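Asker: Provide a 3D model corresponding to the input given below.
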Amino acid sequence: MNAKIFLAVAFAIILSGAFFNSKAAADFVTATYSITASDFEDSNGDPPTSPASTDVLGELTFTFDRTGSQNGILPGSVIGFDITDQNGTLFDYDASNSGIDTQVNQFIDFARITFGGNVNGPGGLGGLTNDFRVIFDINTVSGNVTAIQDEFRYVTTVDPVYTAQTTTVDLVSFSVPEPGSTVIPVLVLISLLLIRRRKQMATLAAGQSIAFTRTKQR
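Answerer: Next comes the predicted model:
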């Protein structure tokens with residue numbers, strides 16, 4: 001291999017290492033979970049007043065950092081999670097009116113995920129508001145759900161807080177975004193261009209030096 005090309009490749013690898021190391025502070029993953037909640041009861045053990053929701057289901061997709069806790073993450077997508085109050089009014093929760101908080105311990109591959117409406121923040125659940133919340137724990141390596149920390153709950157402006165007696169959260173997908181495959185080739189190209197530019201400048205300087213010498217000799 002030409003020595004200059006070898007040096008260019010080595011330089012590019014060093015630059016790419018510095019680039020990826022600068023990103024090492026963050027370790028993002030994208031997860032999708034399906035959530036089903038049923039058998040809702042209020043604090044007295046009474047079921048919702050018809051036609052208020054007795055079952056809620058949906059699918060949540062979001063991206064989070066496995067190296068640290070975050071608040072107010074915007075979901076990538078929220079499908080389902082339609083909640084009806086006792087007056088028959090439907091509340092359709094989506095990515096614009098819900099959010100996620102995460103509590104991460106990267107040393108034990110643990111994250112606690114709080115998913116809820118954004119009226120009081122994902123972790124808040126105030127009375128006489130239209131809101132919901134569910135809290136579950138996951139393994140940050142596999143994405144598998146390890147525990148339901150707090151059952152799915154919802155509240156409306158005309159209903160008390162209802163708590164699901166059965167909540168299931170199932171992993172649908174868990175993926176780590178791949179780094180751009182073009183980073184190193186681009187850096188190699190930049191290095192080669194720099195070497196070419198340096199050679200051109202050296203040739204130009206040499207030409208000017210020769211011309212100056214000839215002029216001086218005259």
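Asker: which other helices and strands does the helix or strand harbouring V78 contact?
Answerer: Assigned by DSSP states H and E, V78 falls within strand 77-80. Counting contacts by 3 or more C-beta pairs under 8 Å, 6 or more residues apart in numbering; DSSP states H and E, strand 77-80 packs against strand 55-65. Glycine gets a C-beta too; all of them are placed from N, C-alpha and C.
Asker: so which bits of the helix or strand that the strand it packs on is followed by are buried?
Answerer: Going down the chain from strand 55-65, the next helix or strand is strand 70-73, by DSSP H and E. By neighbour count on 16 or more other C-beta atoms under 10 Å, the buried set for strand 70-73 is I73.
Asker: so where is the protein shaky, pLDDT-wise?
Answerer: Scanning the chain for pLDDT under 70 picks out the ranges 1-25, 177-218.
Asker: and it, what are its domains?
Answerer: Per the record, the chain has its domains at 3-23+179-217, 28-175, by automatic domain parsing.
Asker: out of those domains, deepest packed?
Answerer: domain 28-175 (a mean of 17; mean count of other C-beta atoms under 10 Å).
Asker: which residue ranges of this protein form helices?
Answerer: 3-22, 183-217 (DSSP state H).
Asker: circling back: for the strand holding V78, which strands pair with it and how are they oriented?
Answerer: With DSSP bridges as the test, strand 77-80 is paired with strand 55-65 (antiparallel).
Asker: contact partners of the partner strand?
Answerer: Here strand 55-65 makes contact (C-beta atoms under 8 Å, 6 or more residues apart in numbering) with 26-38, 70, 73-83, 93, 100, 102, 104, 111, 115, 132, 152, 154, 164, 172.
Asker: and the gap between A26 and Q70?
Answerer: Here the criterion is C-beta to C-beta, to the nearest Å. By it, A26 lies 10 Å from Q70.
Asker: could I get the contacting residues of the nearest residue to R133 once chain neighbours are set aside?
Answerer: Nearest residue to R133 in three dimensions, chain neighbours excluded: G116, at 3.6 Å (C-beta to C-beta, 6 or more residues apart in numbering). By C-beta under 8 Å, 6+ apart, the contact list for G116 reads S98, G99, P122, G123, G124, L125, D131, F132, R133, V134.
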